[in-house]
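>>> Sequence plus predicted model, see below.
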Amino acid sequence: MVGRRVGIVGAGFVGATAAYSLTMTGRCHEVVLYDINSDLAKGKAIDIGQSTSYSVRGTIVTAAEDAKDLKDCDIIVVTAGVPRKSDMTRADLLMINAKIMKDVVGNIMKYSPNAIIICVSNPLDIMTYVIHKMTGWNRNRIIGMAGALDGARMAYQINQKVGYGSGQTRAMLIGDHGQNMIPLPEISAVGGVPLDQIVTKEDMEDIIARTKDGGAEIVKYLGTSAYYAPGRAISVMVEAILDDSRIVMPSSVMLDGEYGYRDITVGVPVVLGANGVEKIIELELDEETKAKFKISVDSIQDGIDILKENDFFV
Ligand SMILES: NC(=O)c1ccc[n+]([C@@H]2O[C@H](COP(=O)([O-])OP(=O)(O)OC[C@H]3O[C@@H](n4cnc5c(N)ncnc54)[C@H](O)[C@@H]3O)[C@@H](O)[C@H]2O)c1
Ligand SMILES: O=C(O)C[C@H](O)C(=O)O
(Lines give C-alpha, C1' and ligand atoms only; values in the text may rest on other atoms or scores of the structure.)
(Ligands and ions follow the chains in the order given, each with its own letter.)
Protein backbone atom coordinates (compact mmCIF):
# COMPACT_ATOMS: atom_id res chain seq x y z
CA MET A 1 0.00 0.00 0.00
CA VAL A 2 1.67 3.24 -1.11
CA GLY A 3 0.74 6.53 0.44
CA ARG A 4 1.34 6.60 4.14
CA ARG A 5 3.31 8.52 6.68
CA VAL A 6 6.69 7.39 7.95
CA GLY A 7 8.42 9.14 10.84
CA ILE A 8 12.17 8.95 11.27
CA VAL A 9 13.49 9.81 14.72
CA GLY A 10 17.13 10.82 14.42
CA ALA A 11 18.00 12.75 11.25
CA GLY A 12 21.68 11.87 11.37
CA PHE A 13 23.57 9.77 8.86
CA VAL A 14 21.38 6.67 9.04
CA GLY A 15 18.01 8.39 9.45
CA ALA A 16 18.59 10.82 6.59
CA THR A 17 19.90 8.09 4.29
CA ALA A 18 16.84 5.96 5.01
CA ALA A 19 14.67 8.98 4.20
CA TYR A 20 16.55 9.53 0.95
CA SER A 21 16.22 5.89 -0.06
CA LEU A 22 12.47 5.92 0.66
CA THR A 23 12.11 9.11 -1.31
CA MET A 24 14.02 7.79 -4.32
CA THR A 25 11.86 4.66 -4.55
CA GLY A 26 8.73 6.80 -4.08
CA ARG A 27 7.08 4.16 -1.94
CA CYS A 28 5.55 6.33 0.73
CA HIS A 29 3.52 9.50 0.67
CA GLU A 30 5.24 11.41 3.43
CA VAL A 31 8.47 11.19 5.42
CA VAL A 32 8.80 13.23 8.61
CA LEU A 33 12.27 13.77 10.04
CA TYR A 34 12.59 14.48 13.74
CA ASP A 35 15.81 15.23 15.63
CA ILE A 36 16.58 16.97 18.89
CA ASN A 37 18.82 19.09 16.68
CA SER A 38 15.92 20.67 14.78
CA ASP A 39 18.17 22.59 12.38
CA LEU A 40 19.69 19.29 11.28
CA ALA A 41 16.23 17.83 10.62
CA LYS A 42 15.22 20.97 8.72
CA GLY A 43 18.33 21.09 6.55
CA LYS A 44 18.12 17.39 5.69
CA ALA A 45 14.38 17.57 4.97
CA ILE A 46 14.85 20.50 2.57
CA ASP A 47 17.81 18.84 0.83
CA ILE A 48 16.05 15.47 0.44
CA GLY A 49 12.79 17.21 -0.50
CA GLN A 50 14.59 19.01 -3.33
CA SER A 51 15.82 15.67 -4.69
CA THR A 52 12.23 14.53 -5.25
CA SER A 53 12.00 16.53 -8.49
CA TYR A 54 13.92 13.67 -10.04
CA SER A 55 12.42 10.71 -8.19
CA VAL A 56 9.93 8.28 -9.69
CA ARG A 57 7.05 9.55 -7.60
CA GLY A 58 6.65 12.61 -5.41
CA THR A 59 7.18 12.20 -1.69
CA ILE A 60 6.53 14.94 0.83
CA VAL A 61 9.54 15.35 3.10
CA THR A 62 9.09 17.50 6.19
CA ALA A 63 11.02 18.29 9.35
CA ALA A 64 9.24 18.06 12.67
CA GLU A 65 9.51 21.35 14.56
CA ASP A 66 8.67 19.44 17.65
CA ALA A 67 8.03 15.81 18.67
CA LYS A 68 4.29 16.45 18.32
CA ASP A 69 4.78 16.69 14.54
CA LEU A 70 5.42 12.95 14.63
CA LYS A 71 1.69 12.50 15.07
CA ASP A 72 -0.20 9.70 13.34
CA CYS A 73 2.73 8.00 11.69
CA ASP A 74 2.07 4.49 10.39
CA ILE A 75 5.69 3.51 10.85
CA ILE A 76 8.39 5.10 13.00
CA VAL A 77 12.04 4.33 12.41
CA VAL A 78 14.25 4.94 15.45
CA THR A 79 17.80 5.91 14.55
CA ALA A 80 18.30 8.36 17.43
CA GLY A 81 21.42 7.66 19.40
CA VAL A 82 25.15 7.70 19.37
CA PRO A 83 27.14 5.71 16.82
CA ARG A 84 30.36 3.99 17.87
CA LYS A 85 33.88 5.19 17.13
CA SER A 86 36.71 2.93 16.04
CA ASP A 87 37.87 2.05 19.55
CA MET A 88 34.37 0.97 20.61
CA THR A 89 32.04 -2.01 20.35
CA ARG A 90 28.31 -1.60 19.88
CA ALA A 91 27.84 -2.73 23.49
CA ASP A 92 29.71 0.38 24.67
CA LEU A 93 26.68 2.42 23.54
CA LEU A 94 24.33 0.60 25.92
CA MET A 95 23.70 3.12 28.68
CA ILE A 96 23.81 6.30 26.60
CA ASN A 97 21.44 5.00 23.92
CA ALA A 98 19.10 3.32 26.41
CA LYS A 99 18.56 6.75 28.01
CA ILE A 100 17.85 8.25 24.60
CA MET A 101 15.28 5.47 23.98
CA LYS A 102 13.33 6.62 27.05
CA ASP A 103 12.83 10.03 25.52
CA VAL A 104 12.15 8.69 22.03
CA VAL A 105 9.66 6.02 23.10
CA GLY A 106 7.75 8.51 25.26
CA ASN A 107 7.24 10.69 22.19
CA ILE A 108 6.21 7.80 19.96
CA MET A 109 3.65 6.52 22.48
CA LYS A 110 2.22 9.99 22.88
CA TYR A 111 1.98 11.03 19.25
CA SER A 112 1.84 7.84 17.17
CA PRO A 113 0.28 5.21 19.43
CA ASN A 114 -0.72 2.98 16.51
CA ALA A 115 2.64 2.94 14.73
CA ILE A 116 4.86 0.02 13.90
CA ILE A 117 8.37 0.75 15.21
CA ILE A 118 11.56 -0.23 13.42
CA CYS A 119 14.47 0.08 15.85
CA VAL A 120 17.91 0.77 14.41
CA SER A 121 19.89 2.27 17.31
CA ASN A 122 22.65 0.17 18.86
CA PRO A 123 23.21 -2.14 20.59
CA LEU A 124 20.37 -3.19 18.35
CA ASP A 125 18.85 -6.23 20.02
CA ILE A 126 18.91 -4.61 23.45
CA MET A 127 17.43 -1.32 22.23
CA THR A 128 14.67 -3.33 20.57
CA TYR A 129 14.04 -5.04 23.91
CA VAL A 130 13.95 -1.66 25.67
CA ILE A 131 11.30 -0.42 23.23
CA HIS A 132 9.21 -3.57 23.88
CA LYS A 133 9.36 -3.13 27.62
CA MET A 134 8.68 0.59 27.53
CA THR A 135 5.72 0.44 25.15
CA GLY A 136 4.22 -2.87 26.26
CA TRP A 137 2.89 -3.10 22.69
CA ASN A 138 2.13 -6.31 20.88
CA ARG A 139 5.35 -7.90 19.68
CA ASN A 140 4.40 -7.79 15.98
CA ARG A 141 4.72 -3.97 16.08
CA ILE A 142 8.35 -3.71 17.22
CA ILE A 143 11.09 -4.88 14.88
CA GLY A 144 14.85 -4.50 15.09
CA MET A 145 16.73 -3.87 11.84
CA ALA A 146 19.92 -5.92 11.68
CA GLY A 147 19.51 -9.02 9.53
CA ALA A 148 18.47 -6.93 6.53
CA LEU A 149 21.87 -5.23 6.73
CA ASP A 150 23.97 -8.20 7.78
CA GLY A 151 22.38 -10.35 5.06
CA ALA A 152 23.21 -7.67 2.46
CA ARG A 153 26.77 -7.60 3.77
CA MET A 154 27.07 -11.36 3.54
CA ALA A 155 25.67 -11.29 -0.01
CA TYR A 156 28.27 -8.65 -0.89
CA GLN A 157 31.10 -10.79 0.48
CA ILE A 158 29.80 -13.82 -1.45
CA ASN A 159 29.64 -11.82 -4.69
CA GLN A 160 33.16 -10.50 -4.10
CA LYS A 161 34.40 -14.10 -3.89
CA VAL A 162 32.50 -15.70 -6.77
CA GLY A 163 32.46 -12.67 -9.10
CA TYR A 164 28.83 -13.00 -10.17
CA GLY A 165 25.25 -13.04 -8.90
CA SER A 166 25.03 -9.50 -7.55
CA GLY A 167 21.34 -8.82 -6.84
CA GLN A 168 20.61 -12.56 -6.99
CA THR A 169 22.27 -13.57 -3.76
CA ARG A 170 20.20 -14.37 -0.71
CA ALA A 171 22.04 -14.79 2.56
CA MET A 172 20.45 -15.82 5.85
CA LEU A 173 21.69 -15.14 9.38
CA ILE A 174 20.32 -15.47 12.87
CA GLY A 175 21.42 -14.26 16.31
CA ASP A 176 22.50 -10.91 17.62
CA HIS A 177 23.72 -7.90 15.65
CA GLY A 178 27.22 -8.25 17.07
CA GLN A 179 30.19 -10.56 17.25
CA ASN A 180 28.03 -13.59 17.97
CA MET A 181 25.84 -13.27 14.87
CA ILE A 182 25.40 -16.57 13.05
CA PRO A 183 25.65 -16.50 9.24
CA LEU A 184 23.99 -19.60 7.77
CA PRO A 185 25.77 -20.40 4.49
CA GLU A 186 24.01 -23.77 4.30
CA ILE A 187 20.72 -22.01 3.51
CA SER A 188 22.18 -19.15 1.48
CA ALA A 189 22.29 -19.21 -2.31
CA VAL A 190 23.34 -17.31 -5.45
CA GLY A 191 20.52 -17.30 -7.99
CA GLY A 192 19.11 -20.38 -6.27
CA VAL A 193 22.44 -22.28 -6.45
CA PRO A 194 23.43 -23.49 -2.96
CA LEU A 195 26.58 -21.78 -1.72
CA ASP A 196 28.45 -24.95 -0.80
CA GLN A 197 28.41 -25.92 -4.49
CA ILE A 198 30.23 -22.77 -5.63
CA VAL A 199 32.35 -21.58 -2.69
CA THR A 200 35.25 -23.43 -1.05
CA LYS A 201 35.21 -24.08 2.68
CA GLU A 202 38.12 -21.70 3.13
CA ASP A 203 36.37 -18.92 1.21
CA MET A 204 33.21 -19.56 3.20
CA GLU A 205 35.08 -19.03 6.46
CA ASP A 206 36.41 -15.75 5.12
CA ILE A 207 32.89 -14.67 4.04
CA ILE A 208 31.57 -15.41 7.53
CA ALA A 209 34.41 -13.55 9.27
CA ARG A 210 34.10 -10.49 7.02
CA THR A 211 30.31 -10.41 7.42
CA LYS A 212 30.61 -10.46 11.20
CA ASP A 213 33.21 -7.70 10.99
CA GLY A 214 31.19 -5.69 8.44
CA GLY A 215 30.19 -2.85 10.75
CA ALA A 216 33.63 -2.50 12.36
CA GLU A 217 35.37 -2.45 8.97
CA ILE A 218 33.43 0.66 7.98
CA VAL A 219 33.88 2.35 11.35
CA LYS A 220 37.64 1.84 10.90
CA TYR A 221 37.62 3.78 7.60
CA LEU A 222 34.99 6.43 8.33
CA GLY A 223 35.46 7.03 12.05
CA THR A 224 31.68 6.68 12.35
CA SER A 225 29.37 3.85 11.45
CA ALA A 226 27.90 2.84 8.11
CA TYR A 227 24.81 4.51 6.67
CA TYR A 228 24.23 3.75 2.98
CA ALA A 229 23.58 0.02 3.38
CA PRO A 230 21.75 0.53 6.71
CA GLY A 231 19.60 3.27 5.13
CA ARG A 232 18.66 1.04 2.22
CA ALA A 233 18.00 -1.93 4.52
CA ILE A 234 15.62 0.22 6.57
CA SER A 235 13.74 1.38 3.49
CA VAL A 236 13.34 -2.20 2.24
CA MET A 237 11.70 -3.10 5.56
CA VAL A 238 9.48 0.00 5.54
CA GLU A 239 8.40 -0.75 1.97
CA ALA A 240 7.57 -4.36 2.84
CA ILE A 241 5.26 -3.14 5.60
CA LEU A 242 3.64 -0.41 3.49
CA ASP A 243 3.14 -2.79 0.55
CA ASP A 244 2.17 -5.78 2.72
CA SER A 245 4.59 -7.69 0.52
CA ARG A 246 5.30 -10.45 3.06
CA ILE A 247 8.97 -10.80 2.36
CA VAL A 248 11.13 -13.01 4.57
CA MET A 249 13.75 -10.95 6.36
CA PRO A 250 15.91 -11.83 9.36
CA SER A 251 14.99 -9.26 12.03
CA SER A 252 15.35 -8.87 15.77
CA VAL A 253 12.01 -9.78 17.34
CA MET A 254 10.67 -10.75 20.74
CA LEU A 255 10.58 -14.52 21.14
CA ASP A 256 7.79 -16.15 23.07
CA GLY A 257 8.76 -19.79 23.03
CA GLU A 258 10.14 -19.89 19.49
CA TYR A 259 13.60 -21.45 19.29
CA GLY A 260 13.12 -22.43 22.96
CA TYR A 261 13.40 -18.87 24.32
CA ARG A 262 11.08 -16.29 25.85
CA ASP A 263 11.43 -12.62 26.73
CA ILE A 264 14.45 -12.00 24.53
CA THR A 265 14.82 -10.02 21.30
CA VAL A 266 17.11 -11.68 18.79
CA GLY A 267 17.49 -12.05 15.04
CA VAL A 268 15.48 -14.80 13.35
CA PRO A 269 13.75 -14.98 9.97
CA VAL A 270 10.34 -13.31 9.98
CA VAL A 271 7.66 -12.44 7.45
CA LEU A 272 7.18 -8.66 7.12
CA GLY A 273 3.78 -7.34 6.11
CA ALA A 274 1.10 -4.79 6.94
CA ASN A 275 1.01 -5.85 10.59
CA GLY A 276 4.77 -5.68 11.00
CA VAL A 277 5.91 -9.16 11.98
CA GLU A 278 3.32 -11.42 10.35
CA LYS A 279 5.07 -14.64 11.31
CA ILE A 280 8.24 -15.88 12.96
CA ILE A 281 9.83 -18.70 10.99
CA GLU A 282 11.37 -21.41 13.14
CA LEU A 283 14.35 -22.95 11.38
CA GLU A 284 15.40 -26.42 12.38
CA LEU A 285 18.86 -25.89 13.84
CA ASP A 286 21.51 -28.58 14.26
CA GLU A 287 23.17 -29.00 17.67
CA GLU A 288 26.19 -26.85 16.78
CA THR A 289 24.01 -23.95 15.59
CA LYS A 290 21.78 -24.28 18.66
CA ALA A 291 24.86 -23.87 20.84
CA LYS A 292 25.93 -20.77 18.88
CA PHE A 293 22.40 -19.36 19.14
CA LYS A 294 22.54 -19.82 22.92
CA ILE A 295 25.82 -17.88 23.12
CA SER A 296 24.24 -15.14 21.04
CA VAL A 297 21.08 -14.98 23.19
CA ASP A 298 23.23 -14.98 26.36
CA SER A 299 25.21 -12.00 25.07
CA ILE A 300 21.98 -10.03 24.55
CA GLN A 301 20.72 -11.12 27.98
CA ASP A 302 23.97 -9.81 29.54
CA GLY A 303 23.19 -6.33 28.20
CA ILE A 304 19.60 -6.49 29.42
CA ASP A 305 20.86 -7.58 32.85
CA ILE A 306 23.17 -4.56 33.03
CA LEU A 307 20.15 -2.31 32.41
CA LYS A 308 18.18 -4.17 35.09
CA GLU A 309 21.04 -3.86 37.60
CA ASN A 310 20.99 -0.12 36.93
CA ASP A 311 17.23 0.01 37.62
CA PHE A 312 16.57 1.06 34.06
CA PHE A 313 13.17 -0.63 33.84
CA VAL A 314 11.93 0.59 37.24
N1 LIG B 1 20.98 -1.64 13.36
C2 LIG B 1 21.94 -1.38 12.49
O3 LIG B 1 22.23 -2.21 11.64
C4 LIG B 1 22.64 -0.04 12.51
C5 LIG B 1 23.36 0.39 11.39
C6 LIG B 1 23.98 1.64 11.42
C7 LIG B 1 23.90 2.44 12.58
N8 LIG B 1 23.19 1.96 13.64
C9 LIG B 1 23.01 2.80 14.84
O10 LIG B 1 22.13 3.87 14.53
C11 LIG B 1 22.35 4.97 15.42
C12 LIG B 1 22.47 6.26 14.62
O13 LIG B 1 23.64 6.26 13.82
P14 LIG B 1 23.99 7.54 12.92
O15 LIG B 1 25.23 7.22 12.20
O16 LIG B 1 22.80 8.00 12.18
O17 LIG B 1 24.33 8.60 14.07
P18 LIG B 1 24.21 10.21 13.98
O19 LIG B 1 24.94 10.76 15.15
O20 LIG B 1 24.57 10.67 12.62
O21 LIG B 1 22.63 10.46 14.17
C22 LIG B 1 21.97 10.23 15.36
C23 LIG B 1 21.01 11.39 15.56
O24 LIG B 1 20.18 11.10 16.70
C25 LIG B 1 19.83 12.37 17.24
N26 LIG B 1 19.26 12.22 18.58
C27 LIG B 1 19.92 11.95 19.73
N28 LIG B 1 19.04 11.90 20.75
C29 LIG B 1 17.82 12.13 20.24
C30 LIG B 1 16.51 12.20 20.80
N31 LIG B 1 16.31 12.01 22.10
N32 LIG B 1 15.47 12.45 19.96
C33 LIG B 1 15.68 12.65 18.63
N34 LIG B 1 16.90 12.58 18.06
C35 LIG B 1 17.95 12.34 18.85
C36 LIG B 1 21.13 13.15 17.20
O37 LIG B 1 20.91 14.55 17.33
C38 LIG B 1 21.70 12.72 15.85
O39 LIG B 1 21.39 13.65 14.83
C40 LIG B 1 23.62 4.59 16.21
O41 LIG B 1 23.26 4.08 17.47
C42 LIG B 1 24.26 3.49 15.36
O43 LIG B 1 25.08 2.62 16.11
C44 LIG B 1 22.57 0.75 13.63
O1 LIG C 1 28.84 -1.12 13.34
C2 LIG C 1 28.13 -0.27 13.89
O3 LIG C 1 28.41 0.19 15.00
C4 LIG C 1 26.91 0.26 13.18
C5 LIG C 1 26.00 -0.80 12.67
O6 LIG C 1 25.59 -1.68 13.67
C7 LIG C 1 26.59 -1.56 11.52
O8 LIG C 1 26.62 -2.80 11.57
O9 LIG C 1 27.02 -0.91 10.54
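That came in fine, so what should we check first? Numbering: from 1, shown residues only. Ligands and ions are numbered 1, 2, ... in the order given.
>>> Contacts (any at all) between ligand 1 and stretch 105-117?
No - using C-beta under 6 Å from any ligand atom, stretch 105-117 stays clear of ligand 1, coming no nearer than 7.4 Å. Placement of C-beta: from N, CA and C, glycine included.
>>> How far off centre is that stretch?
18 Å (C-alpha atoms, centre = their mean, to the nearest Å).
>>> same question, stretch 145-158
With C-alpha atoms, centre = their mean as the basis, stretch 145-158 stands 11 Å off its chain's centre.
>>> Check stretch 255-264 too.
20 Å.
>>> For that stretch, list every residue counted as buried.
Of the residues in stretch 255-264, Leu255, Glu258, Tyr259, Tyr261, Ile264 count as buried by neighbour count, 16 or more other C-beta atoms under 10 Å.
>>> quick one: the helices in the stretch 1-150 of the chain?
Shown for the stretch 1-150 of the chain, the helices assigned by DSSP state H, counting those that start in this stretch span residues 13-25, 38-51, 94-111, 124-135, 147-162.
>>> Quick check: residues of this structure near ligand 2?
Contact residues (C-beta under 6 Å from any ligand atom) of the chain with ligand 2: 83-84, 90, 122, 149, 177, 214-215, 218-219, 225-226, 230.
>>> of these, closest to ligand 2?
Of all these, ligand 2 sits closest to Gly215, with 2.3 Å by C-beta to the nearest ligand atom.
>>> what's that closest one in contact with, if anything?
Residues in contact with Gly215 (C-beta atoms under 8 Å, 6 or more residues apart in numbering) are Arg90, Ser225, Ala226.
>>> is any part of stretch 19-32 close to ligand 1?
No - taking C-beta under 6 Å from any ligand atom as the criterion, stretch 19-32 and ligand 1 are apart, separated by no less than 11.2 Å.
>>> now the angle from the longest helix seen in the chain to helix 94-111?
Counting by DSSP state H, the longest helix found in the chain is helix 287-309. Angle, helix 287-309 to helix 94-111, by axes from the mean of the first three to the mean of the last three C-alpha atoms, to 10 degrees: 80 degrees.
>>> which residues touch helix 287-309?
Residues from elsewhere that reach helix 287-309 (C-beta under 8 Å, 6+ apart): 91, 94-95, 98, 123, 125-126, 129-130, 174-176, 178-182, 184, 259, 261, 264-266, 285, 313.
>>> can you do 7 Å?
91, 94, 98, 123, 125-126, 129, 174-176, 178, 180-182, 259, 261, 264-266, 285, 313 (C-beta atoms under 7 Å, 6 or more residues apart in numbering).
>>> Now do it against helix 124-135, angle only.
Using the same axes, to 10 degrees, the inter-axis angle of helix 287-309 relative to helix 124-135 is 50 degrees.
>>> any idea of the mean pLDDT for helix 287-309?
The average of the pLDDT scores along helix 287-309 is 98.
>>> circling back to that earlier point, using a markdown table, lay out the helices of the stretch 1-150 of the chain together with mean pLDDT and distance to Lys68.
Below are those laid out as a markdown table (pLDDT from 0 to 100; distance: least, C-beta to C-beta, whole Å):
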| stretch | mean pLDDT | distance to Lys68 |
| --- | --- | --- |
| helix 13-25 | 97 | 18 |
| helix 38-51 | 97 | 13 |
| helix 94-111 | 97 | 6 |
| helix 124-135 | 98 | 18 |
| helix 147-162 | 98 | 30 |
